[in-house]
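K.L.:
give me coordinates for this.
(chains A and B)
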There are 2 protein chains.
Amino acid sequence: MLAYSKDVDLNIEKFLVQNIPIEFKEAMLYPIKTGGKRIRPTLVLLSAQAVGGDIASALPVAAAYEIAHNTTLIFDDIIDKGETRRGVPTLRKAFGELTSLLVGLKYREAVVRALEETPQFLRLIKVLSRTIDEILEGAMLEVLFERGIREDDPFINSKRRANISVEDYLYMVDKKTAALFRASCESGAIVGGGTEEEITALRNYGTNLGVMFQITDDYLDIYGDEELIGKSVGKDIMEHKIANIVVLLSMKEMDDESRNKFIRMISKQEVAKEEILEAIKIIKSTNAEKEVFETLNSYKVKLKETLKPLKQTEAKIILENIADFVVNRKF
Amino acid sequence: MLAYSKDVDLNIEKFLVQNIPIEFKEAMLYPIKTGGKRIRPTLVLLSAQAVGGDIASALPVAAAYEIAHNTTLIFDDIIDKGETRRGVPTLRKAFGELTSLLVGLKYREAVVRALEETPQFLRLIKVLSRTIDEILEGAMLEVLFERGIREDDPFINSKRRANISVEDYLYMVDKKTAALFRASCESGAIVGGGTEEEITALRNYGTNLGVMFQITDDYLDIYGDEELIGKSVGKDIMEHKIANIVVLLSMKEMDDESRNKFIRMISKQEVAKEEILEAIKIIKSTNAEKEVFETLNSYKVKLKETLKPLKQTEAKIILENIADFVVNRKF
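P.N.:
Modelled structure (predicted):
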C-alpha cells in the first residue's frame, strides 16, 4: 500500500535511536520492528502530495506520526495490561512495565526531533501537542466509560459514568482515534505547502476517516476472524468496554432480559471465553451489524464531500479509495 | 523565598485544567497543591530579571518549568513505586497507577500550552523537549546503575551496569537533575530577552546549581533529619541505588570486608530498616561527608564564575545566594 514504506522506516529509526543508553536500543526499536499498517504516515505523504508538495520534505512528518501512533499503543498496552499486539508480545510483555514506560516517554520526544526537520516546525508542533492532548482526553473518557472493576483502583471505580450514548461514544472516538488521523492529514497538508482551504479540507477528511477506522475496529472486535486480526474476538467485552459502537447499537435493540444479562456479563471481574461468545451471540441476534454498515456509509458520503476543494490528483483518488480499504479491511 | 509564588501557581492551574474530563480535575491539581519548593520557577523568573526582562512575560515559562518538574516526579514515583512525597501520599498512591500515568502524560502537554504564550515559543519548545529527552536518558541510566533485583523485570535485571564511577554518576546527574535546572535558567534568560552570552552564562549556572542540588539531595538521604526531609533516611539504600555520591565516595574508602558487607546489604531483595541504619553507620565511619562538602565547594566556585558575564543586579545577587540555600537546606 505504501510505496515509501522503507524511507519512512529509515526515518523513524533515525529519530528513535538518539540519546539512549545502548541497553535500551532494542526495546526502542521493538514497537516499530513488529509491524503495523503504516496508515498514518501514508496519510501524511498523500496529503502532502494532494496539495502539490513533495514526498522528501514530508518524510520526517510521516515518521513523526508513525512514532506518535506507536506512543499511544505503548501507553494503551500499559493501561489495559495488553499482552499481544500484531500477533506478538507487546512491548511491556517483552521488556517489562518500567522499560515500556521509559520507551513510551522517549517516543514522545522523538516526535519533536522529527518535526524539527521541517520549516513549518512551529505550526506542526502545536498541532502535534494539541493532538496528544486530545488523545489523552479520549483515553480518560474511555476508562470512565468502562464497566467492571479495575483491581486496586478505587478512584477509577468510583468515577465510572452511568449511561453512555452513541453521542458520548462519538465524542470519545473523535479524541481517542480520529484526532491522530486528523493531525496526520492536516500536518501533511501543512508540510506540503497547501492553502488554508486545502489544509481544512484534509483535516476534515482525516476526522471522518478516523471515525470510520474506529467503527471498523469495533466491528472487527465482534465480527472479525481471530487469525486475521491477530487477537481474540470480543477483547472489548473482555476488557469491560461498553463503548464499542456495535455493543452500544445492539444494546438499544435488546429486550430488557437480554440487556440485563449482557450488562451482567460485561461487568464481571473476569469474563470467561464462553461468556464472551455468548455476549457476541446476543449482539449478532440484533440488527447492529446492518446499522453499523449504514453508519459507515453515511461517513463515507461525508468523507467524499470533504475532498471536493482539492484539485484532481492521483493522491486525491488514492485518498478516496483508502476509505474503502479502511472499511473493508479484515485486520 | 519566591515573591511571585501565587502568580506562578495561578498560571500553573490555568494550564492544567484544560481539556480534561471533570472527574480527573482533582487528580490533575493534586501534585501542585501538595507543595514543593518552587525552585525551578524561581530560577526562571530570576534569570529573566538578571538579563533585564520583566516578570509578567516570564510567568508562563515559570509555570511551564514547575509543571515539567512535577511531570518527572509523577513518573519517578511510578518507576520507584513511591508512596510518600512532601510528607503526603504520592499521586499514584492517592489516585492509582492508571490515573497517575494519564495525569503525567497530560502534564507534558500542559507545558506546551504554557510555552505557547511566549513570543519565543519556537526556541523554548526545543529547549524543553531536549531537556525531557535528557531527563529520560538519566532515568534509564539510574535504573541501570541500581543494585538488587526488580520484581518481574528480567530485562532490567539482565542489563545492570557492573561498576559505577563518580564520573558515571556525574554524567547521570547532569541528565537526571541538572538538565531541568539548566533549562529553567536558559529559558528564563531567553524569555527575558538576554544576549547569547547571557543565555549561555545562565545555562552554565543552572547546570552547576543542579549538580549541587542533587549532591545535597544525596547527602540528605544519608545524613538528613526524617522529620524535615519528609521521607525515611536511607531511601536510596532501600531502593538499591548505589549511584548516590555519598555511597560512591564512602565505598572507595571502605576496606574489602566492609565494602562486601555493604554491597550485600544494598543488593538484597528487601533491605530491612536495621540494615539501612547499619549501612548508614558504615558510611558515616568513612570520610565521605568531608569529601562531599569539598565537592560542593568546588562547584560553588565554578557557579560564581558562571555569573561573571551578567550585569550587577539584585537578581544576580539572589542567584548567587540561592547556591547557599540549595546546599544548606535541610529538606
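K.L.:
show the model's pLDDT score for residue A:270.
P.N.:
With respect to pLDDT, residue A:270 has a value of 87.
K.L.:
over to residue A:2?
P.N.:
Note for residue A:2: predicted pLDDT of 57.
K.L.:
what are the buried residues along the worst-scoring helix or strand of chain A on mean pLDDT?
P.N.:
Using mean pLDDT, DSSP states H and E, helix A:226-229 stands out as the lowest-scoring helix or strand of chain A, at a mean of 80. Across helix A:226-229, burial judged by 16 or more other C-beta atoms under 10 Å in any protein chain shown covers residue A:229. For every residue, glycine as well, the C-beta is placed using N, CA and C.
K.L.:
then stretch A:37-56?
P.N.:
A:37-51, A:53, A:55.
K.L.:
can you give me the end-to-end distance of that stretch?
P.N.:
This stretch, stretch A:37-56, spans 20 Å end to end (C-alpha to C-alpha, to the nearest Å).
K.L.:
on that earlier part again, looking at the buried residues of stretch A:37-56, which are in helices?
P.N.:
A:39-50, A:55 (DSSP state H).
K.L.:
please enumerate residues in contact with the helix or strand containing residue A:321?
P.N.:
Taking DSSP states H and E as the criterion, residue A:321 maps to helix A:314-328. Residues from elsewhere that reach helix A:314-328 (C-beta atoms under 8 Å, 6 or more residues apart in numbering or on different chains): A:1, A:39, A:42-43, A:46-47, A:49-50, A:205, A:208-209, A:212-213, A:216, A:296, A:300, A:303-304, A:307, A:310.
K.L.:
switch to 7 Å and redo it
P.N.:
A:46, A:49-50, A:205, A:209, A:212-213, A:216, A:296, A:300, A:303-304, A:307, A:310 (C-beta atoms under 7 Å, 6 or more residues apart in numbering or on different chains).
K.L.:
now swap in stretch A:122-131 and tell me
P.N.:
Here stretch A:122-131 has contacts from A:61, A:68, A:111-112, A:115, A:118, A:179-180, A:183, A:186-187, A:190-191, B:109, B:112, B:116, B:121-122, B:125, using C-beta under 7 Å, 6+ apart.
K.L.:
so where do the strands sit in the stretch 1-150 of chain A?
P.N.:
Using DSSP state E, counting those that start in this stretch, the strands of the stretch 1-150 of chain A run over residues A:84-85, A:88-89.
K.L.:
for the stretch 201-331 of chain A, same thing?
P.N.:
According to DSSP E, counting those that start in this stretch, the stretch 201-331 of chain A contains no strands.
K.L.:
spatially nearest residue to the residue in it that chain B sits nearest to (excluding sequence neighbours)?
P.N.:
Proximity of the stretch 201-331 of chain A to chain B (C-beta to the nearest C-beta) peaks at residue A:239, 12.8 Å away. In space, and not counting its chain neighbours, residue A:239 is closest to residue A:80: 5.9 Å by C-beta to C-beta, 6 or more residues apart in numbering or on different chains.
K.L.:
and residue A:77, by the same measure?
P.N.:
Nearest one to residue A:77, counting by C-beta to C-beta, 6+ apart, is residue A:90 at 4.3 Å.
K.L.:
kindly report the same for residue A:253.
P.N.:
Computed as C-beta to C-beta, 6+ apart, the closest residue to residue A:253 that is not its neighbour in sequence is residue A:286, at 4.2 Å.
K.L.:
run a quick neighbour tally on that neighbour.
P.N.:
When counting by other C-beta atoms under 10 Å in any protein chain shown, one arrives at 17 neighbours for residue A:286.
K.L.:
for chain A, what lies in contact range of chain B?
P.N.:
Chain A comes close to chain B at residues A:19-21, A:23-24, A:75, A:78-79, A:95-96, A:98-99, A:101-102, A:105-106, A:108-109, A:112, A:116, A:121-122, A:125-126, A:129, A:132-133, A:136-137, A:139-141, A:143-144, A:150, A:152-153, A:155-156, A:159, as judged by C-beta under 7 Å from any C-beta of the partner chain.
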